[in-house]
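K.L.:
Got a sequence here, can you model it:
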Amino acid sequence: MRIQRYIAKDMRSALAQVREAMGPEAVILSTGAVGDQVEVVAAIDVEIAIAHAAPQGAVAATSGISAEALQRTAPRRASSQLSEALVPKAVVAPAPAPAAAVAAPPAPEQNNELANEVKDMRRMLEAQLATLAWNDMSRRSPLQAAMLKELAQLGITQDLAGSLARKIPANLNFSAARRFALATIARTVQVTGDRWLETGGRIAFAGPAGAGKTTLLAKLAARWVLRHGPRRVALVSADAVRIGAHEQMHMLGRLLGVTAHTVYDVAELPELLEGLSGQQLVLIDTAGASPRDPDLARRLRLMNQQQSKIETSLVIPASIQAGAIEEAMKLFAVAQPSSCVITKVDEAVSLGGVLSSLVRHKLPVAYISDGQRVPEDLQPARAHGLVSRAVEIASRNGATADDEVMQRRITGVVHGRR
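P.N.:
Below you'll find the model as predicted:
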């Protein structure tokens, strides 16, 4: 194994040096600060690098030993002292053998077995190096390590947690550092205020199936009627996918005493909106979509083309996993939503994924929905309130992050994974 120390002006530059010098097989042992610069200590197993770089059947020839000998000695090499810096010796190619003495190339099964063993060796090395890296951080930067664990318990993603931990001043105690990190998240999350119910607008709600779009629309419409009366508000159902969606919208209109309209495709909205020019608030319910829906991209492009007439708001349920939230953010970005609404907060086991996506995509939050009651369970989004709710949910659910979890997360941070 070869261990090398790199110093650069920032983490991106340091990792670029590591990749250029050692290639993609390099494993990060530790990171730290040296004055105004960043220090990265990386390691690479020479045999693994040769095995990945060489063509199939050529690994043994490159190192001058047979494939069978490499398989026999690989486990012993992997279990050697990880912290020892071994200087690789020059590889001298053996003299060409007579044509009759050249061994036949190894069978495909042998190549596959060798490749799988090399992969297993790399996984074992990464696991052990992750342990070393986490223990080293806990020893050298206990405050940073404690904050990474705290943010992991909140469900904050690896990249955001690493960024926040690096920004914390070194002279703070844990309580002050925790307040600093949470306040930084709150300052980054953007909100729109209660402008829809104050000034109106034409809002189309888009989002994954089951996100609670129709319930959200009912809450907003009921709030408007309570505040301004049933005049100058209209409901539109553009959901021709869900059975009974149009009938449900007309029933809601009758209950509230407001007009309700239906279209069978998003492309029909411009013509309908021309007839609703006198309405101050128009709420549009669109069809819930699966990421694999073949017609979703077309509908989202149509909504994007109508930005001058319609504001698109993305409805995100907090009850789904962080990966699904991120996937929805990326998928519905085609429609270029100008805001989002977080629903089903009462069903969430963590709000860290929501907060991480809001920070990453810089999408303002309009409202928070946390129940089924109409219109009570709805409030304008407040950044500090959303962060406080995340802390409350994590505390209530007893969220924890042990050393094994942190070892995996710190490996993801230093390798740029989320």
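
K.L.:
For Ala85, report the pLDDT, please.
P.N.:
pLDDT recorded at Ala85 is 38.

K.L.:
same question, Ile325
P.N.:
pLDDT, read off for Ile325, is 91.

K.L.:
May I ask you to confirm that it is in contact with Ser357?
P.N.:
Yes. With contact defined as C-beta atoms under 8 Å, Ile325 reaches Ser357; the gap is 5.1 Å. No exception for glycine: its C-beta is placed from N, CA and C like everyone else's.

K.L.:
Need the overlap of contacts for the two.
P.N.:
In terms of C-beta atoms under 8 Å, 6 or more residues apart in numbering, Ile325 and Ser357 are both contacted by the residues Ile316.

K.L.:
Which helix or strand in this structure has the lowest average pLDDT?
P.N.:
Across the helices and strands of the chain, mean confidence by mean pLDDT, DSSP states H and E is lowest for helix 59-63: a mean of 39.

K.L.:
Poorly predicted segments of the protein, please.
P.N.:
Residues of the chain meeting the criterion pLDDT under 70: 1, 46-111, 114, 117, 123-141, 400-418.

K.L.:
Tell me how it divides into domains.
P.N.:
Annotated domains of the chain cover 2-140, 195-381 [automatic domain parsing].

K.L.:
Can you give me the first-to-last residue distance of the longest one?
P.N.:
Taking C-alpha to C-alpha, to the nearest Å as the measure, domain 195-381 stretches 11 Å from start to finish.

K.L.:
which one is the residue sitting nearest the centre point of the chain nearest to, not counting chain neighbours?
P.N.:
Taking C-alpha atoms, centre = their mean, the centroid of the chain lies closest to Glu326, which sits 5.0 Å from it. Take Glu326 and drop its neighbours on the chain: the residue closest to it by C-beta to C-beta, 6 or more residues apart in numbering is Ser357, 5.4 Å away.

K.L.:
May I see the buried residues of the helix or strand encompassing that neighbour?
P.N.:
Using DSSP states H and E, the element containing Ser357 is helix 352-361. Buried positions in helix 352-361, judged by neighbour count with 16 or more other C-beta atoms under 10 Å: 352-359.

K.L.:
so which of those residues comes closest to Ala289?
P.N.:
Ala289 lies nearest to Ser357 out of the buried residues of helix 352-361, by C-beta to C-beta, at 17.7 Å.

K.L.:
Please tell me how far that closest one sits from Phe180.
P.N.:
To Phe180, Ser357 is 22 Å away according to C-beta to C-beta, to the nearest Å.

K.L.:
right, and the helix or strand after the helix or strand containing Arg301?
P.N.:
Using DSSP H and E, Arg301 falls within helix 296-305. As assigned by DSSP H and E, the chain's next helix or strand after helix 296-305 is strand 311-317.

K.L.:
buried sites along the following helix or strand past that following strand?
P.N.:
Sequence-wise, the next helix or strand downstream of strand 311-317 (DSSP H and E) is helix 322-331. Buried residues in helix 322-331, defined by neighbour count with 16+ other C-beta under 10 Å: 322, 325-326, 328-329, 331.

K.L.:
and the angle from helix 322-331 to helix 296-305?
P.N.:
60 degrees (axes from the mean of the first three to the mean of the last three C-alpha atoms, to 10 degrees).

K.L.:
helices or strands next to helix 322-331 in the packing?
P.N.:
strand 311-317, helix 352-361 (3 or more C-beta pairs under 8 Å, 6 or more residues apart in numbering; DSSP states H and E).

K.L.:
pretty sure the residue nearest to the centre of the chain contacts Leu358?
P.N.:
No. Applying C-beta under 8 Å, one finds Glu326 not in contact with Leu358, separated by 10.8 Å.

K.L.:
SS state for Arg373?
P.N.:
Of the three states, Arg373 takes coil according to DSSP: H, G, I helix; E, B strand; the rest coil.

K.L.:
That one and Ala222: what is the separation?
P.N.:
Taking C-beta to C-beta, one finds Arg373 at 10 Å from Ala222.

K.L.:
The two - which one has more neighbours?
P.N.:
Using other C-beta atoms under 10 Å as the criterion, Arg373 and Ala222 rank with Ala222 on top: 18 against 11.

K.L.:
Grab the nearest non-local neighbour of that one.
P.N.:
Excluding the flanking residues, the one nearest Ala222 by C-beta to C-beta, 6+ apart is Pro375, at 3.8 Å.

K.L.:
Contacts only, for the one you found.
P.N.:
218-220, 222-223, 226.

K.L.:
neighbours around Arg396, how many?
P.N.:
Arg396 has 9 nearby residues by other C-beta under 10 Å.

K.L.:
scratch that, Glu198
P.N.:
Counted with other C-beta under 10 Å, residues neighbouring Glu198 total 12.

K.L.:
Against Leu351, how distant is it?
P.N.:
Remark: distance between Glu198 and Leu351 (C-beta to C-beta) = 26 Å.
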